[in-house]
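*Asks:* have a look at this fold, sequence not included:
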């Protein structure tokens, strides 16, 4: 049932499990996003702008652990397979949600995020699954499907989070814990291994850390430039989970439910983009062009926040902003096709570390910037200013990406490195 060289049916289960896992991962994030402002204000007895800073610190702790542990978990999956790493990560994700649900203090929230960051390999492993079972020409499309799962999670998560928050501010955490346990059971009894024995390699500590991953990446020309593109792009897009709920509360006075509905609308169109639009765009344009289009739309969408003064205008613009989601899927496809088959887990671990590094820096930058711009009674009051900063950072992504594409070429993933 858990063979290392799965049949077509098992590969379908692998793809389905990856999709469900990313869906639940996104839904878990979406569940808690609408309630974090209320929960943090309740636990800290502080203003909204100060609560946003505490939210940034929570994101910092989670991301710091992912930055340190992402390469280790990615390398472990290259050695022992995707299945055991994924199942352990799901178990700890469920424990994290339970701790957050029972948390009666800010300290327990930090402990929960620390724990989930250490074992937070679900997204990394899901992308490695896709790399294992995809042909080179299929990768961007399949990465898009995984991203669609993320988008679907953002449809369900924020809406359910907003609704369950009407029962209790901690109810969304228990709901997320239950769904994670269900996915863990599905994975344990049905999910097959996707990494073939011939594509496994010994675990080496010198490669299983952020510095080692970056050193290893320098052996493949241009990969460092791709990592730089991921860094700037994710540094900018982190503004949504860290600042968006606080922004909509401050500017439009939205409730948790209204914020949840807005994120659900975004998630719906994001999923449509990943399932349908990206396939059409790949028929019209080269993969690199799709990446440039997606990143540019993402940047312009952030800059548009500078001019939005009505909540309904933001709601109407969310479907357009969602088109920027093709950028990340195209980036994943471009770099995955430049790395050998036995290093896909290491690649995803490296990308996870880069993205976690931005998740360390971005919440601190964005929440402090938001706090500065949202301070009442000052001459610099302009909460949307944070999105202007993020938009400019997103535009910087285009420079290393162009250089990375110019200095590299796709390779056959039938070859492996030792």
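*Replies:* That came through fine. What you see is a predicted model; the values in this text were computed from it and never measured.

*Asks:* low-confidence bits of the stretch 301-418 of the chain, can you list those?
*Replies:* Regions of the stretch 301-418 of the chain meeting the criterion pLDDT under 70 cover residues 340-346, 348-349, 411-418.

*Asks:* ok, now with 90
*Replies:* Applying pLDDT under 90 to the stretch 301-418 of the chain picks out residues 309, 311, 318-319, 321-322, 324-384, 404-418.

*Asks:* helices and strands around the host helix or strand of residue 272, which ones?
*Replies:* Counting by DSSP states H and E, the element that carries residue 272 is helix 256-272. Secondary-structure packing of helix 256-272 (3 or more C-beta pairs under 8 Å, 6 or more residues apart in numbering; DSSP states H and E): helix 8-32, helix 139-164, helix 239-252, helix 311-322. (Glycine included, C-beta is placed from N, CA and C.)

*Asks:* check which helix or strand covers the residue nearest to residue 110 when sequence neighbours are not counted.
*Replies:* Spatial nearest neighbour of residue 110, chain neighbours left out: residue 61 (5.7 Å); criterion: C-beta to C-beta, 6 or more residues apart in numbering. Taking DSSP H and E as the definition, residue 61 sits inside helix 48-80.

*Asks:* tilt between that helix and helix 239-252?
*Replies:* Orientation note: helix 48-80 sits at an angle of 160 degrees relative to helix 239-252 (axes from the mean of the first three to the mean of the last three C-alpha atoms, to 10 degrees).

*Asks:* contacting residues for residue 180?
*Replies:* Applying C-beta atoms under 8 Å, 6 or more residues apart in numbering to residue 180 gives the contacts 24, 28, 90, 93, 94, 97.

*Asks:* typed the wrong thing, it's residue 250
*Replies:* Contacts of residue 250 (C-beta under 8 Å, 6+ apart): 48, 49, 374, 383.

*Asks:* in those residues, which residue is surrounded by the most others?
*Replies:* Each of the contacts of residue 250 was scored by neighbour count (other C-beta atoms under 10 Å); the top score is that of residue 374, with 25 neighbours.

*Asks:* wait, doesn't that residue sit right on residue 385?
*Replies:* No: contact between residue 374 and residue 385 fails when scored by C-beta atoms under 8 Å: they sit 9.1 Å apart.

*Asks:* where does residue 293 land in three-state SS?
*Replies:* helix (DSSP: H, G, I helix; E, B strand; the rest coil).

*Asks:* that one: what's it in contact with?
*Replies:* Going by C-beta under 8 Å, 6+ apart, residue 293 touches 281, 285, 326, 327.

*Asks:* same question, residue 53
*Replies:* So residue 53 contacts 367, 368, 371 (C-beta under 8 Å, 6+ apart).

*Asks:* now residue 46: which helix or strand?
*Replies:* Residue 46 belongs to no helix or strand, assigned by DSSP H and E.

*Asks:* next one, pLDDT for it please.
*Replies:* Residue 46 is assigned 75 on the pLDDT scale.

*Asks:* neighbours of it, how many?
*Replies:* With other C-beta under 10 Å as criterion, residue 46 counts 14.
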